[in-house]
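> only geometry, no sequence info:
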């Protein structure tokens, strides 16, 4: 693994999310590898949790907000 401190890893993850906000985990791992950074999964996950802000939802009652999978329409009933 690479000898990179947590602060530098956070900066790399933040830069990735600024330039590619809609990209996911696989792209992030590829981005880190392209910068010759290989870190254990738990360090990468910890850095993501610190850097990425989750959406906050406000709903009047429970079960008012549902998430539907975009591929649900492909199921043949």
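Right, received. Where do you want to start? Quick caveat, the model's predicted, so the values are computed rather than measured.

> Wait, residue 37 touches residue 9, no?
Yes - with contact defined as CB atoms under 8 Å, residue 37 and residue 9 form a contacting pair (7.2 Å). Glycine gets a C-beta too; all of them are placed from N, C-alpha and C.

> so where's this structure shaky on pLDDT?
Low-confidence segments of the chain (pLDDT under 70): 67-73, 77.

> would you list every one of the strands in it?
Along the chain, counting by DSSP state E, no stretch forms strands.

> and the helix ranked longest in it, what other elements does it pack with?
The longest helix of the chain (DSSP state H) is helix 6-19. Where contact means 3 or more CB pairs under 8 Å, 6 or more residues apart in numbering; DSSP states H and E, helix 6-19 is packed against helix 25-34, helix 41-51.

> Quick check: residue 40 vs residue 29, distance?
Distance, residue 40 to residue 29, using CB to CB, to the nearest Å: 12 Å.

> Comparing those two, which residue is more hemmed in?
Comparing residue 40 with residue 29 by other CB atoms under 10 Å, the one with more neighbours is residue 29, at 15 against 9.

> What count of nearby residues applies to the closest residue in space to the more buried one that isn't next to it in sequence?
In this structure, residue 29 finds its nearest non-sequential neighbour in residue 44, 7.4 Å apart by CB to CB, 6 or more residues apart in numbering. Residue 44 sits with 18 neighbouring residues when counted by other CB under 10 Å.

> cool, residue 39 as well?
Counted with other CB under 10 Å, the neighbours of residue 39 add up to 19.

> likewise residue 6?
As a burial measure, residue 6 scores 12 neighbours (other CB under 10 Å).

> Next: residue 3.
Counted with other CB under 10 Å, residue 3 comes out at 6.

> now it: how far from residue 36?
11 Å.

> now residue 19
18 Å.

> likewise residue 52?
In terms of CB to CB, residue 52 sits 23 Å off from residue 36.

> Comparing those two, which residue is more hemmed in?
residue 52 (12 against 8).
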